[in-house]
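1. fold the following.
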Amino acid sequence: MQPSVRNDYLTTEVMTATPQKLQLMMIDAALRLAGQARLGWQEGNDETAHDALVRCQQIVTEMICGLNPEKDADLVRKVASVYLFVFRTLTTAQIERDEVKLTEAISILEVERETWQEVCNQLGTAPSSMQLAATPDSLPTSLEA
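-> Numbers count the residues shown, from 1 in each chain. Sure, this is the predicted structure:
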């Protein structure tokens, strides 16, 4: 598929996605970026790893900002604490170049991904295989990974 067609498709998917599906897409993007950071470190490319971690942290920040405490304040507080932990762990991983911390953040994001995948499956809004395989350069700016 041509990049412009893929971009148009993904833009349409984002613009028409349910909140649950958007959350899953953001988690997928954060996981992709965390994987890019790990690979960057393994290949000795600290700049690539740094850029990927910064972008991953930006996505986690967006996930925190997207929480609505008016819906269920107690639940939002719990979810926010998980996302804040992920953000702090990513920051520590970046500062200390600590792959163990990065793996810890990835593990938590993977659990979140499984949870949101199940929510989407139950609501019939699971992302298409195209979205799951989307490349970083094919994502719109808001989800660019």
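
2. strands of the chain, start to end?
-> Using DSSP state E, no strands are found in the chain.

3. low pLDDT regions in it?
-> For the chain, the stretches flagged by pLDDT under 70 are 1, 6, 8-10, 12-13, 16, 125-145.

4. what about 90?
-> 1-20, 68-72, 120, 122-145 (pLDDT under 90).

5. ok, which stretches of it are helices?
-> Per DSSP state H, the chain carries helices over the ranges 3-16, 19-42, 46-65, 73-96, 99-123, 129-132.

6. mind giving me the packing neighbours of the fourth one?
-> By that I understand helix 73-96. helix 19-42, helix 46-65, helix 99-123 (3 or more Cβ pairs under 8 Å, 6 or more residues apart in numbering; DSSP states H and E). Bear in mind the C-beta positions are built from the backbone N, C-alpha and C, glycine included.

7. what's the most buried one of the helices of the chain?
-> helix 19-42 (a mean of 20; mean count of other Cβ atoms under 10 Å).

8. show me what that one is packed up against.
-> Under the contact rule (3+ Cβ pairs under 8 Å, 6+ apart), helix 19-42 is packed against helix 3-16, helix 46-65, helix 73-96, helix 99-123, helix 129-132.

9. can we see that at 6 Å?
-> helix 46-65, helix 99-123 (3 or more Cβ pairs under 6 Å, 6 or more residues apart in numbering; DSSP states H and E).

10. roughly how far is that helix from the heart of the chain?
-> Mean-position distance between helix 19-42 and its chain equals 4 Å (Cα atoms, centre = their mean, to the nearest Å).

11. C-alpha coordinates for it, CSV please?
-> Taking Å, rounded to 0.1, in the frame of the first residue of the first chain, the C-alpha atoms of helix 19-42 are listed here in CSV:
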residue,chain,number,x,y,z
PRO,A,19,-12.3,6.5,22.8
GLN,A,20,-11.4,2.9,23.6
LYS,A,21,-9.9,2.2,20.3
LEU,A,22,-7.9,5.5,20.4
GLN,A,23,-6.5,4.4,23.8
LEU,A,24,-5.4,1.1,22.4
MET,A,25,-3.8,2.9,19.4
MET,A,26,-1.9,5.1,21.8
ILE,A,27,-0.7,2.2,23.9
ASP,A,28,0.4,0.4,20.7
ALA,A,29,2.4,3.5,19.6
ALA,A,30,4.0,3.8,23.1
LEU,A,31,5.0,0.1,22.9
ARG,A,32,6.5,0.5,19.4
LEU,A,33,8.5,3.5,20.6
ALA,A,34,9.8,1.7,23.6
GLY,A,35,10.9,-1.2,21.4
GLN,A,36,12.7,1.3,19.1
ALA,A,37,14.5,2.7,22.2
ARG,A,38,15.6,-0.7,23.2
LEU,A,39,16.8,-1.5,19.7
GLY,A,40,18.6,1.9,19.6
TRP,A,41,20.5,1.0,22.8
GLN,A,42,21.3,-2.4,21.5
